[in-house]
Every structure is written in C-alpha cells, then in structure tokens.
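Engineer: Got a predicted structure plus its sequence, pasted below:
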Amino acid sequence: MSQPNGKLRSQDWFGRKDKLGFIHRAWMKAEGFSDRVFQGRPVIGICNSWSELTNCNSHLRQVADAVKRGVWAAGGFPLEFPTISLGEPFMRPSTMMFRNLMAMDVEESIRANPVDGVVLLCGCDKTTPAQLMGAASADIPSIMVTGGPMLKGMWQNREIGSGSDVWHYWDELRANRISEEDFAEIESCISRSAGHCMVMGTASTMTSLAEAMGMTLPGCASVPAVDSRRMVVAEQSGARIVDMVWEDLRPSKVLTPGAFANALRVNAAIGGSTNAIIHLVAIAGRLGIKLPLEDFDEAARTTPLLVNVRPSGKYLMEDFYYAGGLPAVMQELLPLLDRECLTVNGKTTGENYAGAKCHNRDVIRTLAEPLAAEGGTVVLRGNLAPNGAVLKPTAASPHLMKHTGRAVVFEDHEDFKERYDDPDLDIDETCVMVLKHGGPKGAPGMPEWGNLPLPAKLLKKGVDDMVRISDARMSGTSYGTVVLHVSPEAAVGGPLAIVENGDLIELDVEGRKLNLLVPQEEIERRLRAWEPPVRHYDRGYGRLFVDHITQAHEGCDFDFLGHYEGGEELRGNARSWKRRATAHLPSPF
Ligand code: FES
C-alpha cells in the first residue's frame, strides 16, 4: 500500500467526498474514463522517457501500451506521463549535464501526482540512472521496464557494434585504411532497429545493473527491443506493479546495500561501463548508502570477467541474449552474490536465477574458465588523483598497464580539437595525452571526451593506443588505455590543473597508482599560483548545475539531492503525504 494506514495514496485525490474529489474525478473524466476507475483500483503511473529526440527510446510508447494491458488485467488503472528524455547523441553539452534534472523531474512527477505505483520506461544511457535516482527518492512501489538493445549492425557481412565500431572505423578512415564511401555505408548499417546501443556500453550496463539490483523482472534487460518477448515482459511488469502496490514493495526495500554489492559484482563480470560507477554512487546516495570507490576496485579484483561482449569482448548484445542473457550471468555468479536480496517480483535473487541456463559458453563464460581473471573497473590513486580516477583494464592495452611517459597537455577540449592533428605537435606513442577541464564543473557536465582520438600521424604509423588522462568520462562503448574521472577535477583546482607539457606521469594499474613525477615543492608552488576558471553559467539550470554538482567520486549528484534524514517519516506518514499532496493542488478552485 502507498500508506501505512492501508489506504491507497491515490484515494487522497479520487476517493474524496468533497469539492476537491469532484474536481479530480471530473477532470480525469475529460479523458473518457468512467467511475469504475476511481473505485479502489491502484493508479499506476507509467513514467515514459519516450522521445523522437532519443532514438534509443523511440519505441517506448508501444512498450507503454503493453504495460497498460498488464495493469488493466491485474485490476489497476494505468496513466502514462512523460518526463524530460535524454538522447545521448544529440544533447549539448552532454546528457550528463541533465541526468539530475531528469531525476528531479521523475521524483517530483511521481510525488506530485495521484499515483500508487510507477512503471519506469528507460533505455538510453542516462535515462536509466535518472529514473532510478528519482524513484528511489520518491520511494513508492516502482518497477523498471528497460527498452532493450537494438539488433546488431551488419556491414558487408561484418557484424558492427554501436559506438565501438564508430571509434574503430573513424580511426580506420583517418589512417586511410577505408574509404569515405565505406564510412558512409557504415553510417547506414550500424543502427538497424529501435533500442539502445547493442554493445556492453553504458545503456546495456545500466539496464543490466537495474535487473541485477532487482528493479526489473528477471530476464528483462537482455531481450532485444524489437523482439516480441520485450512486450511480454512489459505486460508482465504492468501486472506485477499492481501487486507491488498491495504489498507496499518500495525501492527502499529492494535497493539495499546487498543489492548494490551485487551490482558491483555484475558490473565487473559483464565488463560494464566506467559510467556505471558514477551512476551507482548517485543512486545509492539517494538511499543514504555510501559506495566508496574502493568497493568497485575490490569487486574488480575478486570478480572474473565472464561476458564476451564488446568493447571488452567479441560479441554483441543480441548474441548475449541468445546465450542466456543476464540470467545466465547471474546464475554463474550466485556463489559471489547476496542471494537473499528481495526483488520486484517478490522473490530473492537466489530464487530468481538458480535455474537459469547458458546456451553458449563462448559468450558467457564460467567462473572456472573466465574471459579474464579480473573484470570491472580499477580505481587509481596518487598525487594526480587524490580522490581517485578509474580505468577499465579489459578495454585497455596490456603493454600500457605500467607506463611512464611525457605529458602532452591540452588545456580544454577546444584546445584539443585545434591541435591534436597538427603535424607539428610534439608527440609520439610513448607520450601521455592529458586533457583538462572535462569534469563536472569544468566542461561543464563531464562529457564523454576521455577517449581522446589519437593524432592521425600516429595512427598512420600503426599506433592504436596510448595512455590518455582526463577528468572527463568516456562512452561505455569506448576502449583504450584511458584514465577517467580524475578527482578533484581541474576546474576546482585538482592537481590535474597544474600538469605542464613535458612533466612525467606514472601509470601503474597493478599498483593502482597515478602520479605526477614532479617534486612536491614544485607541485605546491604551481597549486598556489592556480586561478579558478570563469564560471560557465550565470543563470538558469546551468547556474544550478555548476553551483551544486558534486565530484565524480561522489556520483555527480546535486549536493542537495542526497538522502534526506527525515525522508522515512515524510514518505511513511499519511498526514505528511496529504500535506505534500495538497500543497501541489491548483489554486483556482
Ligand atoms: Fe542511446 Fe547509445 S545512444 S544508448
């Protein structure tokens, strides 16, 4: 139930015998609903991130229709509502700039409206964490239905993957190994259907982790977007949320420390995106759960890489689904997981996945014969990243895991774009490329600039990887020996800000070290001389963002959106609900 007194929350709107009840029912009848819908049915909000500007989520209206079937069949009353959507390829300066805005939209849309439970429809990278953050803060019964990955791309009988093969073939073009015509053909072959990117990028990672944490029905994450079974799981989720309302099964009962520990393990085993770190820290923060970076590192050290999907492996998400998908991974990982975690279907993780089967052991490996002994993302520390930085070893080059090189510094992304392909740039493959001001405040919005393209003159020599360091993020579809999320970032005076051309930088992945090999007195002298950059925004959402965004190791949530200590009382107390609900009523009446 939405309230501890056994009353549906929506009845504060639709069950009233007074003037307000009249207004709420009468205005709802404008949509053609009869009195039957007000007679004690749980109202299920379908929180839809559909948008034609978010191609990955462009099929979610159809998914919502399937959810509605399930809600009606189970005795609920479905009402679909939109929120801001975040289309990864289009939004400037980056979707990350707007993840928290979407999370606020989701939270307040749920809180302000007469809904007893929510079905969250997501897909593209940031839409999944934003919905989980918002739903965790609103904390009414919620279930997620992910949109599913698109079909694999095919070019000249070659399988091509979202993102990963864009970076690959762009480099091939710049090295004159494919033609302009080839590249144009690839453009028309790479995105064959609705759905999110079909490598283990951020979208596939976050949807997999939503399932791993118990926020979707088992098996939801991996079904391709256009497979009819996507609609089946949507209908089942619609039916299930109605029961969840009666059971009062809220996100705070599902998103427990054990659920996050499972997510860290699964992230390591699937070779998940580095972006997952920031998102999981932010979601956990909404529930008052701390996830220090060292927990991710520990999960990486002790969880083998099992999933052979790009960018860490060979296959694509469609192959992953046919091989058994996330359930097969969960089953294999069960000895390492917290099996007692409650999930949205009312069963535990152990109960849900004990019987899952794998149908292709080249795609999903066993713990005994993994793809790599260690998976996941490692956490580096040192005088260049006192609060941490991350690197994904499974997508990096073994020969660069321990490397000391001369810094080639780019002060910001504009500087990088102007100079990286300059034939006169003093750089070779032993250098370390350093990008400053790509962080949460500095860019702003921490764009996916971290996998800096290599200079064409080095590509033509056959160089295919170099150490690159920044306070930015990188696409989950990217690969390379790329150090990301350096914290504190350059724009707040982190040591990255004072790196100069020619400084030596030491990367030691095994030792988890990232150091600027400059005498301490010189570092201190430079830090004293450092001056903060000009703030990017003076008004509007941009101003709110730069004034309140936290650093990468803190999840980049706003500093005022973390767990509210009095939250339980506010959420659980019927009078508080009523006070909050009436505070949102329109005044003309
Ligand atoms: Fe939406 Fe990749 S662009 S998931």
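Structural biologist: Looks like it came in fine. Residues are numbered from 1 along each chain as shown.
Engineer: What parts of the protein come near the ligand?
Structural biologist: Counting by CB under 6 Å from any ligand atom, the chain comes close to the ligand at 56, 88, 89, 124, 125, 162, 196, 197, 201, 203. All C-beta atoms are positioned from the backbone trio N, CA, C, and that covers glycine.
Engineer: change it to 8 Å
Structural biologist: Contact residues, the chain versus the ligand (CB under 8 Å from any ligand atom): 54-57, 87-89, 123-125, 162-163, 196-197, 201-204, 475, 477.
Engineer: Report the buried members of the residues you listed.
Structural biologist: Among the residues of the chain next to the ligand, those buried by neighbour count (16 or more other CB atoms under 10 Å) are 54-57, 87-88, 123-125, 162-163, 196-197, 201-204, 475, 477.
Engineer: So which of the residues you listed are in helices?
Structural biologist: 202, 203, 204 (DSSP state H).
Engineer: Just give the closest residue to the second one, not the sequence neighbours.
Structural biologist: Nearest non-adjacent residue to residue 203, counting by CB to CB, 6 or more residues apart in numbering: residue 196, 3.7 Å away.
Engineer: Grab the longest helix from the chain for me.
Structural biologist: helix 228-247.
Engineer: Going by contacts, tell me the helices and strands next to that one.
Structural biologist: In terms of contacts (3 or more CB pairs under 8 Å, 6 or more residues apart in numbering; DSSP states H and E), helix 228-247 is packed against strand 43-48, helix 60-73, strand 117-122, strand 142-146.
Engineer: who wins for proximity to residue 439 among those?
Structural biologist: strand 117-122 (25.4 Å; CB to CB).
Engineer: coming back round to it: which secondary structure elements does the helix or strand following the longest helix of the chain contact?
Structural biologist: Per DSSP states H and E, the first helix or strand lying C-terminal to helix 228-247 is helix 251-254. The contact analysis (3+ CB pairs under 8 Å, 6+ apart) places helix 251-254 against helix 127-138.
Engineer: rerun at 7 Å
Structural biologist: Helix 251-254 sits against no helix or strand, with contacts defined as 3 or more CB pairs under 7 Å, 6 or more residues apart in numbering; DSSP states H and E.
Engineer: which residues in this structure form strands?
Structural biologist: 43-48, 77-82, 117-122, 142-146, 153-155, 158-160, 378-382, 385-391, 402-410, 432-435, 467-470, 482-483, 504-508, 513-516 (DSSP state E).
Engineer: Need the contact partners of the second one.
Structural biologist: With contact meaning CB atoms under 7 Å, 6 or more residues apart in numbering, strand 77-82 is reached by 37, 41-48, 50, 64, 67-68, 71-72, 109, 238.
Engineer: try the shortest one
Structural biologist: If you take CB under 7 Å, 6+ apart as the criterion, strand 482-483 is touched by 380, 389, 391, 450, 451, 468, 469, 474, 507, 514.
Engineer: Among those, name the buried ones.
Structural biologist: Buried members of those, scored by 16+ other CB under 10 Å, are 380, 389, 391, 450, 451, 468, 469, 474, 507, 514.
Engineer: can I assume residue 381 is in contact with residue 388?
Structural biologist: Yes - using CB atoms under 7 Å, residue 381 makes contact with residue 388 at a distance of 5.7 Å.
Engineer: Which one of the two is surrounded by more residues?
Structural biologist: Using other CB atoms under 10 Å as the criterion, residue 381 and residue 388 rank with residue 388 on top: 24 against 19.
Engineer: how about the residue of the stretch 251-400 of the chain found nearest the ligand, what does it touch?
Structural biologist: Going by CB to the nearest ligand atom, the ligand is nearest to residue 273 of the stretch 251-400 of the chain, at 10.3 Å. If you count contacts by CB under 7 Å, 6+ apart, residue 273 has them with 201, 202, 205, 476.
Engineer: And those residues, which two are furthest apart?
Structural biologist: Distances among the contacts of residue 273 were taken as CB to CB; the most separated pair is 201 and 205, at 6.7 Å.
Engineer: okay, and the common contacts of those two?
Structural biologist: Common contacts of residue 201 and residue 205 (CB under 7 Å, 6+ apart): 273, 476.
Engineer: List the buried residues of stretch 25-45.
Structural biologist: Buried residues in stretch 25-45 (16+ other CB under 10 Å): 25, 28, 37, 38, 41, 42, 43, 44, 45.
Engineer: Same question for stretch 287-297.
Structural biologist: 287, 289, 291, 293, 295, 296, 297.
Engineer: what does stretch 405-424 give?
Structural biologist: 405, 407, 408, 409, 410, 412, 413, 416, 420.
Engineer: what's the span of stretch 406-423, first residue to last?
Structural biologist: This stretch, stretch 406-423, spans 18 Å end to end (CA to CA, to the nearest Å).
Engineer: Let me fix that, I meant to ask about stretch 156-176.
Structural biologist: One end of stretch 156-176 to the other measures 18 Å (CA to CA).
Engineer: any idea of the mean pLDDT for that stretch?
Structural biologist: The pLDDT scores in stretch 156-176 average 91.
Engineer: ok now it, how far from the chain's centre?
Structural biologist: Distance of stretch 156-176 from its chain centroid, counting by CA atoms, centre = their mean, to the nearest Å, is 24 Å.
Engineer: can you pull the buried residues of it?
Structural biologist: Neighbour-count burial for stretch 156-176 flags 159-169, 171-175 (criterion: 16+ other CB under 10 Å).
Engineer: what do you get for stretch 495-504?
Structural biologist: 495, 496, 497, 498, 499, 503.
Engineer: Where helices are concerned, which of those residues count?
Structural biologist: Per DSSP H, helices hold no members of the buried residues of stretch 495-504.
Engineer: Name the nearest of those residues relative to the ligand.
Structural biologist: For the buried residues of stretch 495-504, with the ligand as the reference and CB to the nearest ligand atom as the criterion, the closest is residue 496, at 27.5 Å.
Engineer: For this structure, give me the ranges with low pLDDT.
Structural biologist: 1-5, 564-589 (pLDDT under 70).
Engineer: What is the burial count for the residue nearest to residue 73 when sequence neighbours are not counted?
Structural biologist: With sequence-adjacent residues excluded and distances taken as CB to CB, 6+ apart, residue 73 is closest to residue 239, at 5.8 Å. Neighbourhood size, residue 239 [other CB under 10 Å]: 17.
Engineer: and what of residue 520?
Structural biologist: 9.
Engineer: For it, which non-adjacent residue is closest in space?
Structural biologist: Nearest non-adjacent residue to residue 520 (CB to CB, 6+ apart): residue 383, at 7.9 Å.
Engineer: ok, that neighbour - contacts?
Structural biologist: Going by CB under 7 Å, 6+ apart, the list of residues near residue 383 reads 495, 515, 516, 523.
Engineer: and which of those is nearest residue 356?
Structural biologist: residue 515 (43.7 Å).
Engineer: Could you give the bridge partners of that closest one?
Structural biologist: residue 506 (DSSP bridges).
Engineer: Check whether residue 208 really touches residue 266, as I assumed.
Structural biologist: Yes - look at residue 208 against residue 266 with CB under 7 Å: they come within range, at 6.5 Å.
Engineer: if I look at residue 151, how far off is the ligand?
Structural biologist: Using CB to the nearest ligand atom, to the nearest Å, we find residue 151 at a distance of 14 Å from the ligand.
Engineer: follow-up on the earlier one: measure how buried the nearest residue to the residue of the stretch 251-400 of the chain closest to the ligand once chain neighbours are set aside is and give me the count.
Structural biologist: Leaving aside its chain neighbours, residue 273 sits nearest to residue 476 (2.7 Å; criterion: CB to CB, 6+ apart). When neighbours are defined as other CB under 10 Å, residue 476 has 28 of them.
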